[in-house]
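Student: Here is a sequence with its predicted model. Questions after.
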Amino acid sequence: MTNAPLPLRHFLLALAVVAVWGTNFVVIRIGLDHLPPLLFATLRFTLVLLPMAFFVKRPAVPWWNLAAYGVLIGAGQFGLLFMAMKGHISPGLASLVVQTQVFFTIGMAMQINREKVQGFQIVALLLAASGIVLIAAHGGGAATPLGVLLVLLAAASWSGGNIVARQAGSVNMLGYVVWASLFSIPPLFLMSLWLEGWSAMVHGVRSADALTWAAVLWQAVGNTMFGYAAWGWLLARHPAATVTPMALLVPVFGMGASALLLHEGLPGWKLAAAALVLTGLAVNMLWPKVRGRFLAKAQA
């Protein structure tokens, strides 16, 4: 694999993936109009597992690895994220704050590998953290402190899932996600039963309309099956440094779709917070590549 730019068709595929992942936050908000958040997450992973488990081969990884990933991503990332989006944080801001998983992942990887934090990573973290503080300070109805905290915990769980997935090695990511869902469903269902109650679960299912079920289906088919399969396909054909910066567009699509479809306001403080977080993410992702090119030119 070379560091050449993505061909147009591959670029458009990557753009479609990040558009689906970004606008998915609006879809989540629609589903939460009728379904309790933990039940919504349970249904999402149930539709990922069934019927795909009958068609996608289980990857050759230990069961404990699948279990750890399933719990961290299912109950951790999406369970907490859905709870936060049930009135505690807007879809646009949720799509932004959850991207802090990049820094949690770096911190966990450094702790495991005993690596030192580099200067550009400190700068990137400070920029992103400033944006999160701005959101917490000015969120008002768009983001409560509890909402920000829950999304940060969801991001940390996502990061833990990233570390577990790396330990699995090179696997078919779609198959990995499908079979890991087997371990996402039980804790989510039990948490829903405990925290939301059986009557709320039954009422949610009975009151769900066609749009709600479409949101659940989109979670499974669009966000998970298409998203992970296409992203894994791109990563198998291009360097990660070429593909992963496209993920910076996820909160752009998230905030844009939320403003367009849900009429979420975009005041100055929110745009400033987005700029700080996205700049921090960009510095973290792109600085090593920019520095490498600069040094290569200087030595030429």
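Tutor: Here it is on my side, so go on.

Student: Now tell me which helix or strand of this structure has the poorest mean pLDDT.
Tutor: Lowest by mean pLDDT, DSSP states H and E among the helices and strands of the chain is helix 240-243, with a mean of 72.

Student: Need the residues that contact the following helix or strand past that one.
Tutor: Counting by DSSP states H and E, the next helix or strand C-terminal to helix 240-243 is helix 250-261. With C-beta atoms under 8 Å, 6 or more residues apart in numbering as the test, helix 250-261 has contacts from 18-19, 21-26, 29, 90-96, 99, 264-266, 270, 274, 277-278. (Glycine included, C-beta is placed from N, CA and C.)

Student: ok, 6 Å please
Tutor: Applying C-beta atoms under 6 Å, 6 or more residues apart in numbering, the contact partners of helix 250-261 are 18-19, 21-23, 25-26, 91-92, 95-96, 99, 264, 266.

Student: Show me just the buried residues among those.
Tutor: Buried members of these, counted by 16 or more other C-beta atoms under 10 Å: 18-19, 21-23, 25-26, 91-92, 95-96, 99, 264.

Student: nearest to Ala109, of the residues you listed?
Tutor: Nearest to Ala109 among these: Gln99, at 16.6 Å, using C-beta to C-beta.

Student: who are the neighbours in contact with that closest one?
Tutor: 251, 281.

Student: Give the other helices and strands that the lengthiest helix in the chain contacts.
Tutor: In the chain, taking DSSP state H as the definition, the longest helix is helix 268-299. Under the contact definition 3 or more C-beta pairs under 6 Å, 6 or more residues apart in numbering; DSSP states H and E, helix 268-299 sits against helix 119-138.

Student: Can you pull the phi/psi pair for Ile89?
Tutor: Main-chain torsions, Ile89, degrees, to the nearest 10: phi -160, psi 140.

Student: I'd like the distance from it to His238, if you could.
Tutor: According to C-beta to C-beta, to the nearest Å, Ile89 stands 33 Å off from His238.

Student: what sits against Ser157?
Tutor: 72, 76-77.

Student: can you do 10 Å?
Tutor: Residues near Ser157 by C-beta atoms under 10 Å, 6 or more residues apart in numbering: 71-81, 101, 104.

Student: Excluding chain neighbours, give the residue nearest to Arg291 in space.
Tutor: Phe120 (7.8 Å; C-beta to C-beta, 6 or more residues apart in numbering).

Student: just Ala75 next, same as before
Tutor: Using C-beta to C-beta, 6+ apart, the closest residue to Ala75 is Pro187 (4.2 Å).

Student: right, and the one you found touches Ile73 too?
Tutor: No - taking contacts as C-beta atoms under 10 Å, Pro187 lies outside contact range of Ile73: 11.1 Å.

Student: Tell me which of those two has more neighbours.
Tutor: Set side by side, Pro187 and Ile73 show more neighbours around Ile73, with 25 against 18, by other C-beta atoms under 10 Å.

Student: returning to that earlier point: what's the overlap in contacts for Pro187 and Ile73?
Tutor: Gly79.

Student: shaky segments in the stretch 151-300 of the chain?
Tutor: Along the stretch 151-300 of the chain, segments meeting pLDDT under 70 span 240-241, 295-296, 298, 300.

Student: 80 instead?
Tutor: 232, 235-236, 238-245, 285-286, 288-300 (pLDDT under 80).

Student: Thanks again, I'm all set now.
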